[in-house]
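Asker: Sequence below, structure please.
(chains A, B, C and D)
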Amino acid sequence: MTLPPPAPPVAPDAVTASTPPRIELRGISKRFAATQALEDVSLDLLPGEVHGLVGENGAGKSTLVKILAGVHQADSGTIRLDGEATQIHGPAHSRSLGIAVVHQEPRLFPDLTVAENVFIGHAPSGRLGSIDWGGTRRRAESLFRELDVQVDVGAPVRGLSMADQQLIEIAKSLSLEARVLILDEPTASLSAHEVERLFTIVRRLRGRGVSVLFVSHRLDEVFALCDRATVFRDGRHVVTMATRDLTTADLVRHMVGRTVSLFPKVETPIGDVLLAVSGLTKVGEFRDVGFSVRAGEIVGFAGLVGAGRTEVARVLFGIDQRDRGQVLLAGVPVSFASPSAAMHAGIAYLPEDRHQEGLVQDFTIAQNVTLPILPRLFPRLLTRISTERKVAHEFTEQLSVRMTGVDQLVGSLSGGNQQKVVLAKWLASRPRILILDEPTRGIDIGAKVEVHRIISELAASGLGIILISSDLPEVLAMSDRILVFHEGKITAEIPRGQATQERVMFAATGSATVDEPAAAPAAGGVQSEQRLDG
Amino acid sequence: MELRNVGRTVALVSVAALVFSACSGSATPSPSAAASAAASGAAAGITVGYLPKDIVNQYFAAAKTGVDKAAGETGGKVIQVGPNEAKPDLQIPFITDLTTQKVSAIIISADGKDEVAPALKAAMAAGIKVVGFDSSPAVGAYNVFVNQVDFSGVGVNLADWACELAPSCTGDIAILSAAATATNQNAWIDLMKTTLATDKYKGLKLVDTVYGNDDATVSTQQAQALLTKYPNLKVIVAPTTVGILAAAQVVKQAGKSDSVKVTGLGFPNDMKPFVKDGTSPVFGLWSVPDLGYLSYQVAAKLVSGEITGKEGETFTVKGLNGDKPYTIGKDSVVILGPAFRFDKTNVDNFNF
Amino acid sequence: MSMTAAPARDQRRWMSLLARWETLLVLALIGLIVLGTTLSPFFLTAGNFSNLIAALMEVAIMAMPMTLIIVLGEIDLSVESMAGLSSAILGFLWAAGVPLWVGIAVVLVVGAFGGLLNGLIVARGGLPSLVVTLGTLALFRGMALIVLGPRGVSDFPDWFTAFGFGHVPGTLIPWPFMVFLALALVLGIVLHRTWIGRQVFAIGKNPSTARFSGVRVTRIRVSLFVLSGMVASLAGIILTSRLSSARADAGSGMTLTVATVVLLGGVNIFGGSGTIPGVALAVLCVAVMQNALRLASVTVEVQSIALGLLLILSVVIPTFAHQAKSALDRARRGRPPPADSIARGEAAP
Amino acid sequence: MAETGAITTQAAVRTRGSVLTAFARQRELSLAAIMVVLGALVSIVAPQFLTISNLTAVAALASIYAVASVGEALVIITRNIDLSVEATIGVVAYCVASILERHVLDAPAAIVLGIGIGLLLGMANGVIVALLRVPSIVATLGTLSIFRGLDYVIAGSHQVPLAGLPPGFTDPARTNLLGLLPEFVVVALVVVVLGTVILRSTRFGRQVYAVGSNPEAAAILGIPARLVEFSAFSVCGLLAGVAGVMWVMFFGTINGTAGTGIVLSIVAAVVVGGVSTLGGSGTIAGAALGALFLGLTANALPLVGLSQFWLQAIYGIVILVAVSVDAVILRRLQRATAERRAR
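Answerer: Numbering: from 1, shown residues only, chains lettered A, B, ... in the order given. The predicted structure is shown next:
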């Protein structure tokens, strides 16, 4: 793995010289505890341009968006808005500066109508300070007319699709006369048709002189929509170029050029097939998924968020139910009605959302570790603190969790150590199949290496492991075999020896096979892709 | 900021105190203020627990004025205790606590005759005299029960008043009672039905008996339903103070004061307007303060040993029953006297 | 590492023991007993103890499963009407000539089914328990009224009424108190010493983590509602026995007292924390307070105000204590960090 | 999803959704429709039900509940609950009656004072919930006890008799405006209309929904959630004050127990009226209709020959059905959305 030459911090571009940038970022840095999220990043956003911001998970895209939205403040660096040095104090301040952010998951009031959501906080006033209802409606209607969107502005938002809700957010930013529109991974849960509609609207806004920052890791979309693109990697700026001068291959190369020599993958003999899946389908999420996992094997699931990786895992673990297909566990067909049933059959699942699904924050380490195995640990119902602590000790020691003791509350641990506790918890259940969903997300690099070592050792001990990760180098380094998901289907199966980042990325974005705009099927429970503040 | 909040809170609290002191007035008798230590006479110095069904009902407040009067005259002490809701399970702790306090006697209106019986028996076993009044505890769980009125007498009275109010003693009548568990209500209703079966009342047709639970809302709804359901209704008979009031108000609201009359047992103070406007020209009750007075006197005599509560014993109470002796009847019951009939000629003379 | 941390941890343990809600309740209980002694010479007499607790036993008994349900993050408002329904059915069956023990068995089964109804609607239907049990609160009471109507059934056999009002032979301890003790002991062990209790806490704190950890969330929810229904039936039977009379309105208004006692016991209304000993202590506190005030002839309205204030203060005081503590911590943080912070293990490798 | 030239959203084609869904979404209309149907059915058995005299009698009492339910609905929309309304009604009712009996104030002043007391008690709730951050269910469970105790302290065992009130004071409960509409119904209508206008057309009104609907998003927008909660509790107290005054007018005879136990009916009315206990949705017109629905049910039962003992059970079933319907509708809506997107 080679490191590409570092790109210049600011892209010298012809346009920059002639017009003053709408937003000018210089030397922005931001650190969260152990993680350097952004390091000396610079970026220009011009009036009337759609600017793509791409990068892998952890590249720093979302941190930058949050700084612009006023959620976080940069540790150092300057922000200029239309040439004027500015500090963004908070979300409200950001809005008043004319910066509007459309999140992947819109933040609307489901019980208020479309028009109200557009104008909440700045509704036109009528007599006596009451809301001018007719005016609100008319103005909302005219906004949507400007966007050339038909919508019943009197209908409540509840029940509208993500895509429609995003349109409302966009209309809201229009009503605020936003100069800057930031779209944070807006297409992650949109269908192809909805994506196209969104693009049409974004182009119209560009025509009106709005500056659009389009954050995505779907390269085809970046090419289809953006005038220029900037690549971040590991919190640093890599390159900014006009998209017409770029190829997909260039972009992928800039994105993935990472050093991966840290992961100590131990080669282990591969055993018998533990898990065999065929024709697995859940309508609207994934279809005809088939693969197998052998003892001692690490199977990587690569692909974009919402491509169906987590959804398959949820069905395997009994959280969701499949519509069709077969799952054989050690040759026996199985179907799990609940996670506890899956657990008893020897499947463990480390969920992607550590805080909400992995841990009970104000339980102790010992209580968290033993939570899944309580009935087995204490068949006579009564718990024994000593037994519990012994088990917790055994597994946390094995994973070298840094703590004052197993009686420490999990909530007071660092992110990496929390993740190790989740791992310890699942190891204690002595599974045959371990599904790891984004096991190293949001943890610092040192802890990451340790987690990789642990995964490797677990495989060596004969477990079958499914590793779901958006971190390409991780998947490449750790996996014996990589399955690439795209739009709910497995689009490629690449053995370890032949896997390159480019190959995986092409398959994951659909670029290699499809020309039409990429689209993901519906995906419930898609989480925002990045969490650095953990 | 903090300080300002404190200031505001203080201001708010003082305003509230002012407002609420305006609401509560002289009308509230201070509880157990009647305790006067001056001892004289045979029953001097006794302490009596007064335990009504609930301490909110003005009926028991009226009775207590009689109890206090008697205690004041004899130099005894009265402790009023009781729940604020008429429920037997809430009454029991007060009985046991009075037992703990070793009062001389307990005067109780039982909120359920069987429910309070074990606790009362325990009190009697501890040497405490128990006098029931208004609503009887189970037989054996009291020394004497002071009955406000002769049951059969009230039954006849109710029938008579209904007959008087129904045009030429004919037409539909209905009963609005309290809770159907109420012992005295049911006794009166049964005796009224017996009376109605006689020839004199054959024109009256009892179409329905409904229960208002002595709750203003429920009684109102029940009375409304009676009016709606029986268009030919002539008289509503409500042998309960809550029910008669609710019925009178409903009838008046419906503008039917001329065609539907209300009678039963009620407080003169409540019913004065309805006597005058003709909604309820006739109704009855007994002197509630006298009931309290008699109950205390009986308690005092039990404590002093003047009576034991056996059937056939006699005693006199000055100022009651025309100073003639009372006789303890079957089941140790003493009867205060007949029900008193109120109409427009006398209702203004009473204030309870 | 753990060596250096040990003294600090011991100190913290002492602090946390002092700051525990149960400790406060014990102090409050002692204070109330002192108050009772000064208010009335009869307070510390033999026999008063049995009076004192007897009045609150149905509430105390129903508070036990309610503790588990609130820790779970739910609430069961229907307990009082399930007690009423049980009393009504028991009375109806007894009046119809059915042997009493059969009636008791039937009533307990009815309680279980009522709880099952609550549990299924809440756990399977995903509806908020506050509204569901508000509905069954009315439904069960209505069924009680339909079954027994307004009449009361008494003339139960002596052994039955003696159970509700009598004492354990040779002592002054009421039988219902023994039931309460047994229930508190069993449920206390279940909640604090078995893995079922651990799972209950886990669900109360974070239901999705619990589910993802293989905890049978639905099953536990349903089971606890069934338990609550059955215990409410038991309370209905005890109430019937203590009053020696079955009534459809038995227990009305008790739910609020049950909830008050549980919350006073330090159980978080949003679930996830609370202890059975805390609730048991709260039962004693409320019983002693009511008894002391009654003996001092303080009228019920003052008791009602005192109870309401206690309830609100039970939330306000810990909140303010917490704020004061964090303000103190902030002030302390200005100074050099204490030794134990090194052991916290937060530093990156 | 329509595939025509201009961009179409689901919201534009929502009308195509199932009739049932649309019907259930308009809770006020469907409740009214159910009432009409049930009313027609009842009147087959008991023709007296649908007479002006019966309906006006029912409506007068139901109006009191409706006014209180409107306040409760406001609080529930902000994701809180007020269990103390019944005690507030009790305190206000006794205070007004007692003041009139002792001629401390004349009738209009007493009415204003009564409503002011309601406001004061509501503000106390607001302070405890919004400022002291006590969960509303705990706070108002406590104030229910405190206010009721206060009521007993003030009232003792005194009962203000009807004769104690100034002549004509209770007339509004029994007279019809222009001989048609009972005056109480007019009061309730005014409260509902005013409340609807405030909730729909003022910044405060929309903030009430915003706070209940999505507290996090409301915080990001800088909506003063605590102030909104405080105001909701205050208004709820104020309306309880209005209901308390109406209570005096309706019942005439008032002691310390006025209103005991009615909070369950009030919350039930709100729930039946389609206000979600999870906050953020529902209308006060719905809550008022819910109160009317429960009042009509109570009236109809004896007419169709069912004893009043059925009332509680029927209330329970109505509540369970109402929340279940809401849940089913919501789930169906979500599934429909998912399916549309899967296409």
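
Asker: which bits of the stretch 151-300 of chain C sit near chain A?
Answerer: C:189-190, C:193-196, C:198-199, C:201-202, C:205-206, C:208-216, C:272 (C-beta under 8 Å from any C-beta of the partner chain). The way it works is simple: take the backbone N, C-alpha and C, and place the C-beta from them, glycine included.

Asker: For ChimeraX, what selects the buried ones among these?
Answerer: Restricted to buried positions by 16 or more other C-beta atoms under 10 Å in any protein chain shown, the ChimeraX selection for these reads:
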select /C:190,193,194,195,196,198,199,201,202,205,206,208,209,210,211,212,213,214,215,216,272
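
Asker: Just give me the neighbour total for A:Leu45.
Answerer: 23 (other C-beta atoms under 10 Å in any protein chain shown).

Asker: Enumerate the beta-bridge partners assigned to it.
Answerer: According to DSSP bridges, the residues that bridge with A:Leu45 are A:Ile23.

Asker: now the stretch 401-534 of chain A, which segments are flagged as low pLDDT?
Answerer: A:442, A:444-445, A:511-534 (pLDDT under 70).

Asker: 80 instead?
Answerer: A:414-415, A:441-449, A:470-473, A:501-502, A:509-534 (pLDDT under 80).

Asker: Which residue ranges of it form strands?
Answerer: A:433-437, A:464-468, A:481-486, A:489-495 (DSSP state E, counting those that start in this stretch).

Asker: Summarise which helices and strands the third one is packed against.
Answerer: Which is strand A:481-486. strand A:298-303, strand A:489-495, helix A:501-509 (3 or more C-beta pairs under 8 Å, 6 or more residues apart in numbering or on different chains; DSSP states H and E).

Asker: now do the first one
Answerer: Contact analysis of strand A:433-437 by 3+ C-beta pairs under 8 Å, 6+ apart lists helix A:309-316, strand A:347-350, strand A:464-468 as its packing neighbours.

Asker: Sheet partners, orientation included, of that strand?
Answerer: Counting by DSSP bridges, strand A:433-437 is paired with strand A:347-350 (parallel), strand A:464-468 (parallel).

Asker: what comes up buried for the longest one?
Answerer: Along strand A:464-468, the positions that meet the burial threshold by neighbour count (16+ other C-beta under 10 Å) are A:Gly464, A:Ile465, A:Ile466, A:Leu467, A:Ile468.

Asker: Between these, which sits nearest D:Leu165?
Answerer: A:Ile468 (74.8 Å; C-beta to C-beta).

Asker: and the stretch 201-350 of chain B, which residues reach chain D?
Answerer: Checking the stretch 201-350 of chain B against chain D by C-beta under 8 Å from any C-beta, the hits are B:210-211, B:216-218, B:220-222, B:224-229, B:231, B:245-246, B:249-250, B:252-255, B:267, B:269-270, B:272-273.

Asker: For the residues you listed, which ChimeraX command selects only the ones that are buried?
Answerer: Buried residues among these (16+ other C-beta under 10 Å), as a ChimeraX selection:
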select /B:210,211,216,217,218,220,221,222,224,225,226,227,228,229,245,246,249,250,252,253,254,267,269,270,272,273
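
Asker: ok, residue 175 - how many residues close by?
Answerer: By default, I'm working from chain A. 21.

Asker: Chain C, not that one
Answerer: C:Trp175 has 19 neighbours, counted by other C-beta under 10 Å.

Asker: Please report how far the closest residue to it other than its chain neighbours lies from C:Asn51.
Answerer: Nearest non-adjacent residue to C:Trp175, counting by C-beta to C-beta, 6 or more residues apart in numbering or on different chains: C:Phe163, 5.1 Å away. Note on C:Phe163: its distance to C:Asn51, by C-beta to C-beta, to the nearest Å, is 17 Å.

Asker: what's the answer for D:Leu239, then?
Answerer: In terms of C-beta to C-beta, D:Leu239 sits 43 Å off from C:Asn51.

Asker: If you count surrounding residues, which of these two has more?
Answerer: More neighbours surround D:Leu239 than the other of D:Leu239 and C:Asn51, with 29 against 26 (other C-beta under 10 Å).

Asker: So the more buried one lies in a helix, does it not?
Answerer: Yes - using DSSP: H, G, I helix; E, B strand; the rest coil, the assignment for D:Leu239 is a helix.

Asker: Skipping its backbone neighbours, what lies nearest it in space?
Answerer: Nearest to D:Leu239 is D:Gly71, by C-beta to C-beta, 6+ apart, at 3.4 Å.

Asker: Need the per-residue pLDDT for the most centrally placed residue in chain B.
Answerer: Nearest to the geometric centre of chain B sits B:Tyr59, at 4.8 Å (C-alpha atoms, centre = their mean). For B:Tyr59, the pLDDT comes out at 83.

Asker: dump the residue contacts of it.
Answerer: By C-beta atoms under 8 Å, 6 or more residues apart in numbering or on different chains, the contact list for B:Tyr59 reads B:Pro52, B:Asp134, B:Thr241, B:Phe267, B:Val288.

Asker: Of the strands of the stretch 401-534 of chain A, which is nearest C:Leu307?
Answerer: Here strand A:433-437 is closest among these (C-beta to C-beta), at 49.5 Å.

Asker: Now the phi/psi pair for the closest residue to chain B within the stretch 51-200 of chain A, please.
Answerer: Ranking the residues of the stretch 51-200 of chain A by distance to chain B (C-beta to the nearest C-beta) places A:Gly90 first, at 20.2 Å. Backbone torsions for A:Gly90, taken as degrees, to the nearest 10, come to phi -170, psi 180.

Asker: contacting residues for it?
Answerer: Contacts of A:Gly90 by C-beta under 8 Å, 6+ apart are A:Gly70.

Asker: if I look at it, how far off is B:Thr279?
Answerer: 68 Å.

Asker: Then D:Val270?
Answerer: Counting by C-beta to C-beta - D:Val270 and B:Thr279 are separated by 36 Å.

Asker: now the end-to-end length of stretch D:127-140.
Answerer: 11 Å (C-alpha to C-alpha, to the nearest Å).

Asker: got the buried residues for that stretch?
Answerer: So, applying 16+ other C-beta under 10 Å, buried residues of stretch D:127-140: D:Val127, D:Ile128, D:Val129, D:Ala130, D:Val134, D:Pro135, D:Ser136, D:Ile137, D:Val138, D:Ala139, D:Thr140.

Asker: Just the ones of those residues in helices?
Answerer: D:Ser136, D:Ile137, D:Val138, D:Ala139, D:Thr140 (DSSP state H).

Asker: Serialize these to JSON lines and add fields for pLDDT.
Answerer: Putting these into JSON lines (pLDDT from 0 to 100) gives the following:
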{"residue": "D:Ser136", "pLDDT": "93"}
{"residue": "D:Ile137", "pLDDT": "90"}
{"residue": "D:Val138", "pLDDT": "90"}
{"residue": "D:Ala139", "pLDDT": "94"}
{"residue": "D:Thr140", "pLDDT": "94"}
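
Asker: check these against chain C, which are close?
Answerer: D:Ile137, D:Val138, D:Ala139.

Asker: Just checking the distance from stretch B:185-205 to the centre of its chain.
Answerer: 23 Å (C-alpha atoms, centre = their mean, to the nearest Å).

Asker: How about chain B: which residue is closest to chain C?
Answerer: B:Ala180 (2.9 Å).

Asker: Kindly confirm whether my reading is correct that that residue touches C:Gly152.
Answerer: No - counting by C-beta atoms under 8 Å, B:Ala180 does not reach C:Gly152; the two are 9.1 Å apart.

Asker: Between the two, which has more neighbouring residues?
Answerer: C:Gly152 (26 against 18).

Asker: How many residues are close by B:Ile173?
Answerer: 28.

Asker: now swap in C:Met178 and tell me
Answerer: Neighbours of C:Met178 (other C-beta under 10 Å): 15.

Asker: For it, give me its contacts.
Answerer: C:Val168.

Asker: Get me the contact residues on the stretch 1-150 of chain C for chain B.
Answerer: Checking the stretch 1-150 of chain C against chain B by C-beta under 8 Å from any C-beta, the hits are C:Ser40, C:Phe42, C:Thr45, C:Gly47, C:Asn48, C:Asn51, C:Ala54, C:Ala55, C:Glu58, C:Gly149, C:Pro150.
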